[in-house]
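**Student:** just the structure for this:
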Amino acid sequence: MRAAEHQFAEKRFDEVLMEDVAAEASVGKGTLYRYFEDKESLYFAVVMEGFDALIERLRSGDVPADPVERLQQTVASIVGYLRRDRFFFRLMGRDEGEGRRRGFKSAWKRRRAALVDEVAQVLRDGAQAGTFEIRHLHTDAQILLGMVRSCMRFNEQGLDDDQIVAEIVRIFAHGVRRDES
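**Tutor:** Down below sits the predicted model:
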C-alpha cells in the first residue's frame with residue numbers, strides 16, 4: 001500500500017504501472033494481483049485507507065471544551081495529516097476519483113461525506129454552545145476544508161503549519177472584518 005501511495009502521489013493515475021508498484025514494494029507483480037483485481041482497485045484501496053486514517057485522527061484524542069480550541073485542534077489535525085500524506089492531499093482536490101466503477105465512486109462519496117460530517121460535528125457543537133453561528137452546516141464544513149486545502153496548496157507566503165492553522169481559524173471563526181472594540 002505504501003509503494004502504491006508513493007507511485008500515485010508522484011504520477012498521474014494513467015502513468016502508474018503495476019510493475020513499478022511491485023518493484024517499489026519488492027514483490028512480484030502477481031502478488032499485487034493476488035490482493036487487487038487491477039490498478040483501479042489498488043488506487044481506491046489507498047484512497048479509502050487515507051480517508052479512514054484522517055477520520056480516525058479527527059475522532060481520537062481529548063476534545064477541548066472550548067469550541068474555538070476544538071476548531072483549532074480539528075484544523076491542526078487535518079493540516080498535519082495532509083502535510084504528512086501528500087497523496088491524500090492531492091486527492092482532496094479531485095472529484096470522485098480516477099476510476100469509473102460505480103462501487104468505487106459511491107465508496108469515495110461516502111468517505112468524503114464522513115469527513116465532512118466530522119468537521120460539521122465540531123461546528124454543530126460550537127453552535128449549540130452558542131459560540132458559532134452556523135447557517136448551512138455541511139456547506140460551512142466544506143468551506144472550512146476548502147480553506148485548509150487552499151492554504152496548503154497556495155502558500156506563497158511560506159507560512160508554517162501553526163500559522164496556517166491560526167489564520168484559518170481566525171478567518172473562519174471571526175472573519176476578516178476589523179474588530180472595532
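
**Student:** pull out the buried residues from stretch 5-23.
**Tutor:** 5-9, 16, 18, 20-22 (16 or more other C-beta atoms under 10 Å). Backbone N, C-alpha and C define where each C-beta goes, glycine included.

**Student:** which one among those sits at the bottom for pLDDT?
**Tutor:** Lowest pLDDT of the buried residues of stretch 5-23: A9, 80.

**Student:** which secondary structure state does that residue sit in?
**Tutor:** Using DSSP: H, G, I helix; E, B strand; the rest coil, the structure places A9 in helix.

**Student:** what does F89 give?
**Tutor:** Look at F89: counting by three-state DSSP, its state is helix.

**Student:** M152 is in contact with that one, correct?
**Tutor:** Yes: using C-beta atoms under 8 Å, F89 is in contact with M152, at 6.7 Å.

**Student:** overlap in contacts, the two.
**Tutor:** Shared contacts of F89 and M152, defined by C-beta atoms under 8 Å, 6 or more residues apart in numbering, comprise 82-83.

**Student:** so where's the longest helix in the protein?
**Tutor:** Assignment by DSSP state H gives helix 102-128 as the longest helix of the chain.

**Student:** beyond that one, next helix or strand please.
**Tutor:** Later in the chain than helix 102-128, the nearest helix or strand by DSSP states H and E is helix 137-153.

**Student:** now, the buried residues of stretch 5-23 that are in helices?
**Tutor:** Cross-referencing the buried residues of stretch 5-23 against helices under DSSP H gives 5-9, 18, 20-22.

**Student:** export those residues to JSON lines and tack on distance to Y43?
**Tutor:** Output for those, formatted as JSON lines (distance: C-beta to C-beta, whole Å):
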{"residue": "E5", "distance to Y43": "10"}
{"residue": "H6", "distance to Y43": "13"}
{"residue": "Q7", "distance to Y43": "10"}
{"residue": "F8", "distance to Y43": "6"}
{"residue": "A9", "distance to Y43": "11"}
{"residue": "M18", "distance to Y43": "11"}
{"residue": "D20", "distance to Y43": "13"}
{"residue": "V21", "distance to Y43": "10"}
{"residue": "A22", "distance to Y43": "15"}
